[in-house]
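1. Sharing a model that was predicted from the sequence below.
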Amino acid sequence: MKQIAVIGSGIIGTSWAVVFARAGLQVRLYDGDAMQRERAVAVLRETVRASAALLREGDSVEAVLARVQVVDALDAALDGADYVQEAISEQLDAKRALFAAMDARLAPAVILASSSSTYGVSLFVEDLPGRARCLVVHPMTPPHLMPVVEVAPAPWTSAVVTQQAFAFMQALGQVPVHIHKEISGFVLNRLQGALLAEMFQVIADGVISARDADLLLSQGLGLRWATVGPLEGVDLNAPGGIADYLQRYGHIFNGMAAEKGLPAPVDEALAARLDAEMRASLALDGLARKRSWRDLAVVQVRQAMQPLYGEKP
């Protein structure tokens, strides 16, 4: 893929344009709002400048910016495109109309990806002749800094298209994850939402202040999660890995669920599945080595952050 069309030039669209241009691709960025297009030019320059440390060796801010062309017509953006990343507002009617127009204009091999953080692509492409080439490629905001991307096909999306989108994201330097079933909010926002909902509750109940709740994340869990995910983290926190951890502490999570009238999340089936998946990627005799790696990584994250703490607004 060499020519990319990004439709929508807000925070997500301009950030996507930087991701593609930074990888050496030509990008046409379109927005129906003329004032937004003007703002996008300035935002692009500042975004590339501020993230210059992430440019490939030998590349420059000016070279990246030269690969992005802001255009004033949808047809101009789509002309010759190998891949389209939609990043317009979360309005189903607008997405439905846009995808219908793109499906009618573009060759069947062109992948049509939505940045939607809310809606599965099936909600706005079901009636299109080319619906098999449509899927959601949902980034964490902003994608030029946050590499993780949710690749979420509809039930009818071609498996080849899903594989191509996954491989394309990897080639860009992003970190794709496969969402196997469409679900409202996908997984990234549901995980974030669950954490925020619990924080809102304990703050509302007077258990903790907002500042201290944030500190638990930024100076605690966030430092750990910057190096390993939550499941990897608990896998390292018991001698026998995640199965051992859940046997010791699974009742805590079941107790919290019971407080809310919810079914117990931890049972033997879940523990067995998690143990099998974790052991498939790391044998038990590798836990000690990974703990040492994690500890070194946390030290380096803290060292990197120390000069910035005094500049935090």
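-> Arrived safely.
2. A strand includes V136, no?
-> Yes. When classified by DSSP: H, G, I helix; E, B strand; the rest coil, V136 is found to be part of a strand.
3. Tell me, how many residues neighbour it?
-> The local packing count at V136 equals 26, with neighbours defined by other CB atoms under 10 Å. Where you see a C-beta, it was placed from the backbone N, CA and C, and this is true even at glycine.
4. Who are the contact partners of the closest residue in space to it that isn't next to it in sequence?
-> Counting by CB to CB, 6 or more residues apart in numbering, A152 is the residue found nearest to V136 once chain neighbours are left out, at 4.1 Å. In this structure, A152 makes contact with G120, V121, L135, V136, V137, H138, I179, E182, F186, judged by CB atoms under 8 Å, 6 or more residues apart in numbering.
5. Which pair of the residues you listed spans the longest distance?
-> Set against one another by CB to CB, the contacts of A152 have their most distant pair in V137 and E182, with a gap of 13.6 Å.
6. okay, the two: which has more neighbours?
-> Legend: neighbour count by other CB under 10 Å for V137 and E182, higher for V137 (28 against 18).
7. where does the chain have low pLDDT?
-> Counting by pLDDT under 70, the chain shows no low-confidence range.
8. change it to 90
-> Low-confidence segments of the chain, defined by pLDDT under 90, span residues 1, 306-313.
9. can you map out the helices along it?
-> Using DSSP state H, the helices of the chain run over 11-22, 34-50, 61-66, 74-78, 92-105, 122-125, 159-172, 188-204, 210-216, 222-225, 230-235, 241-259, 268-281, 287-309.
10. Go through stretch 228-241 and flag the buried ones.
-> Within stretch 228-241, the residues that qualify as buried are V228, E232, G233, V234, D235, L236, N237, A238, G241, counting by 16 or more other CB atoms under 10 Å.
11. now stretch 262-282
-> Within stretch 262-282, the residues that qualify as buried are V266, A271, L274, D275, M278, counting by 16+ other CB under 10 Å.
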